[in-house]
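*Asks:* build me a model:
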Amino acid sequence: MTDRSIILGIVGDSAAGKTTLTKGIAQFLGPENVTIICTDDYHRYDRKQRAELGITALHPDCNYLDIMQQHLSLLRAGQPILKPIYNHTTGTFDPPEYIKPNRFVIVEGLLGYSTRGAREAYDVKVYLAPPEDLRAKWKVKRDTQKRGYNEEQVLAEMAKREPDSENFIRPQRQWADLVVTFYPPEGQSGDNGGHLNVRLVLRPNIPHPDLTQVVDPKSQYSNAAIRLGLDRDMSKPVDVLEIDGHATSDQVAELEHFICGDIPHLLNICNRDMNPELGKVTGTTGETLQSYPLALTQLLVAFHMLKATQGH
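*Replies:* Here you go, the predicted structure:
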């Protein structure tokens, strides 16, 4: 058993779903065991300065990546840091926060994999890659409801950021162990997050559970709600697990218990009654929805973090 902190990276563009994914993973591992930090706190300039300089928050030059990298190394070693705090509401910086890492550290943000030193700090690396039209809907919803913008402002800002998204955010996909893509079923808009499908690219960088024992690879040619197959991602062979949004509790239960059974720590937390936040998303009218694709994604990432504690 390793005695250092286990570091999970969750990288994706703005409003890609990083915080939603993180919330359930922390629930799995026990909030008291998890420290969550955001690499967006390492912005070099506040919102007013960025506007004056004509630079976006997505550009590496707009962030103290060297300090971020140093802090990740300290957290991995179990050492405390004095972390900056960027206030997304005001666009300015709040006083720094003293952070002492717990057993697990979840690091989410825009540029978490942008340097080799930073990448070497993670035990597990996740990249979120929703379709751009769906991400735009999520960003409009979040920024109008929580950050005081109107829809036109949000879309204009996304257009301004697009070159940096293409040049600096999306290329980080190549470093991920798991690439997570939530997407709407054919013919649906995706407004109802509880019914989104998920496509999980499982790269051979880390040992994934052998899901062929419970998911027949041949089922990719049928209408099964859970499918496992082979594909290529960024020109390299990968396993791909797909879970449909209409999957039922019974359909996902066998897969959940198979993943949980491989690690004794997971047997207790596979009980959904003990994890009320697992797979929960907020619908368009504020209602809480249950997403089994999200719950299985959170479980699989938690599995890898617990595996890392065993030195695998």
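
*Asks:* in the chain, which spans are helices?
*Replies:* Here the chain has its helices, by DSSP state H, at 18-29, 47-53, 65-76, 116-119, 132-146, 151-164, 249-261, 264-269, 292-309.

*Asks:* among those, which comes closest to Ile99?
*Replies:* helix 65-76 (7.6 Å; Cβ to Cβ). Where you see a C-beta, it was placed from the backbone N, CA and C, and this is true even at glycine.

*Asks:* list the contacts of that closest one.
*Replies:* 4-5, 7, 35, 37, 39, 42, 80-81, 83, 99, 101, 105, 107, 111-112, 114-115, 117-118, 121-122 (Cβ atoms under 8 Å, 6 or more residues apart in numbering).

*Asks:* looks like Thr212 contacts Gly229 (just checking).
*Replies:* No: the pair Thr212 / Gly229 is not scored as a contact, 10.5 Å apart, by Cβ atoms under 8 Å.

*Asks:* between these two, tell me which one has more neighbours.
*Replies:* Gly229 (15 against 10; other Cβ atoms under 10 Å).

*Asks:* separation between that one and Glu120?
*Replies:* 31 Å (Cβ to Cβ, to the nearest Å).

*Asks:* what of Tyr45?
*Replies:* In terms of Cβ to Cβ, Tyr45 sits 27 Å off from Glu120.

*Asks:* looking at these two, which one has more neighbours?
*Replies:* Tyr45 (19 against 11).

*Asks:* and the nearest residue to that one once chain neighbours are set aside, what's its pLDDT?
*Replies:* Residue nearest to Tyr45 in three dimensions, not counting chain neighbours: Cys62, with 5.8 Å by Cβ to Cβ, 6 or more residues apart in numbering. Note on Cys62: pLDDT of 97.

*Asks:* next: Leu267.
*Replies:* On the pLDDT scale, Leu267 gets 56.

*Asks:* which stretches of this protein have low pLDDT?
*Replies:* 1-2, 189-194, 216-223, 264-277, 283-286, 311-312 (pLDDT under 70).

*Asks:* count the residues that sit near the spatially closest residue to Asp262 that is not a sequence neighbour.
*Replies:* Excluding the flanking residues, the one nearest Asp262 by Cβ to Cβ, 6+ apart is Pro209, at 5.8 Å. Around Pro209 there are 19 other residues, counting by other Cβ under 10 Å.

*Asks:* against Asp239, how distant is Pro209?
*Replies:* 11 Å.

*Asks:* do Pro95 as well
*Replies:* In this view, Pro95 and Asp239 are 45 Å apart by Cβ to Cβ.

*Asks:* which residues touch Arg103?
*Replies:* Arg103 neighbours (Cβ under 8 Å, 6+ apart): 5-6, 29, 33-34, 309.

*Asks:* distance to Thr19 added to those, as TSV?
*Replies:* Putting the contacts of Arg103 into TSV (distance: Cβ to Cβ, whole Å) gives the following:
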residue	distance to Thr19
Ser5	20
Ile6	20
Leu29	16
Asn33	18
Val34	13
Thr309	24
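
*Asks:* quick one, what contacts Gln188?
*Replies:* Gln188 neighbours (Cβ under 8 Å, 6+ apart): His195.

*Asks:* do you know how far it is from Glu132?
*Replies:* Distance from Gln188 to Glu132, by Cβ to Cβ: 17 Å.

*Asks:* rewinding a little: winner for burial among the helices of the chain?
*Replies:* Of all the helices of the chain, helix 292-309 carries the top mean neighbour count, a mean of 23, counting by mean count of other Cβ atoms under 10 Å.

*Asks:* got the CA positions of that helix in CSV?
*Replies:* Presented in CSV, the C-alpha positions along helix 292-309 are these (Å, rounded to 0.1, in the frame of the first residue of the first chain):
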residue,chain,number,x,y,z
TYR,A,292,-26.7,5.4,-14.6
PRO,A,293,-24.1,6.2,-17.3
LEU,A,294,-22.8,9.0,-15.0
ALA,A,295,-22.9,6.7,-11.9
LEU,A,296,-20.9,3.9,-13.7
THR,A,297,-18.4,6.5,-15.0
GLN,A,298,-17.9,7.8,-11.4
LEU,A,299,-17.5,4.2,-10.1
LEU,A,300,-14.9,3.3,-12.8
VAL,A,301,-12.8,6.3,-12.0
ALA,A,302,-13.1,5.6,-8.2
PHE,A,303,-12.0,2.0,-8.9
HIS,A,304,-8.8,3.3,-10.6
MET,A,305,-8.0,5.6,-7.6
LEU,A,306,-8.4,2.7,-5.1
LYS,A,307,-6.3,0.5,-7.4
ALA,A,308,-3.6,3.1,-7.2
THR,A,309,-3.5,2.9,-3.5
